[in-house]
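S.K.: Sequence and predicted model, in that order:
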Amino acid sequence: MKRLSLGQVVATPGALQALEESGQTPNFFLDQHVSGNWGIVGEEDWQLNDESLKDGSRILSAYLTSKGKKVWVITEATDDNGHRVATTLLLPEEY
């Protein structure tokens, strides 16, 4: 079930390399993110993400690739028209 709009999807070189090394696609992680499975974030961040679905704030999910590399998926806050402009896949050290 799709719970949020991603806007334009982009990925950093580090995230693309980690996905290539794991043999996984960006869509695997994006599907989790869109469905409201925020991955390995803490309980407080999970609740903040759930609230962000209502108030339009930024949403951060975190997942581990099959090789154990942490990948973040960040969907930006809504703009003045209520649209989310972009979602980025990146490694935490690239933030």
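M.R.: That came in fine, so what should we check first? Here the structure is a predicted model, which means the values were calculated and not measured.
S.K.: Please work out which residues outside the lengthiest helix in the chain touch it.
M.R.: For the chain, the longest helix by residue count, based on DSSP state H, is helix 43-55. Helix 43-55 has contacts (Cβ atoms under 8 Å, 6 or more residues apart in numbering) with 3-4, 36, 38, 41, 57-61, 77. Every C-beta, even on glycine, is put in place using the N, C-alpha and C of the backbone.
S.K.: which strand residues sit across from the residue positioned nearest the centre of the chain in the sheet?
M.R.: Residue closest to the average C-alpha location in the chain (Cα atoms, centre = their mean): V73, at 2.1 Å. For V73, the residues forming beta bridges with it (DSSP bridges) are S61, L89.
S.K.: next one: the one 5 residues further on
M.R.: T78 forms beta bridges with R84, as assigned by DSSP bridges.
S.K.: Quickly note the distance from it to I40.
M.R.: The gap separating T78 from I40 is 25 Å, by Cβ to Cβ, to the nearest Å.
S.K.: Equivalent analysis for K69, please.
M.R.: Using Cβ to Cβ, K69 is found at 12 Å from I40.
S.K.: Neighbour count: those two, which is higher?
M.R.: K69 (18 against 11; other Cβ atoms under 10 Å).
S.K.: Please name the nearest non-neighbouring residue to that one.
M.R.: A18 (4.3 Å; Cβ to Cβ, 6 or more residues apart in numbering).
S.K.: And for D50, the neighbour number?
M.R.: 13.
S.K.: where does L19 land in three-state SS?
M.R.: Put simply, L19 is helix when judged by DSSP: H, G, I helix; E, B strand; the rest coil.
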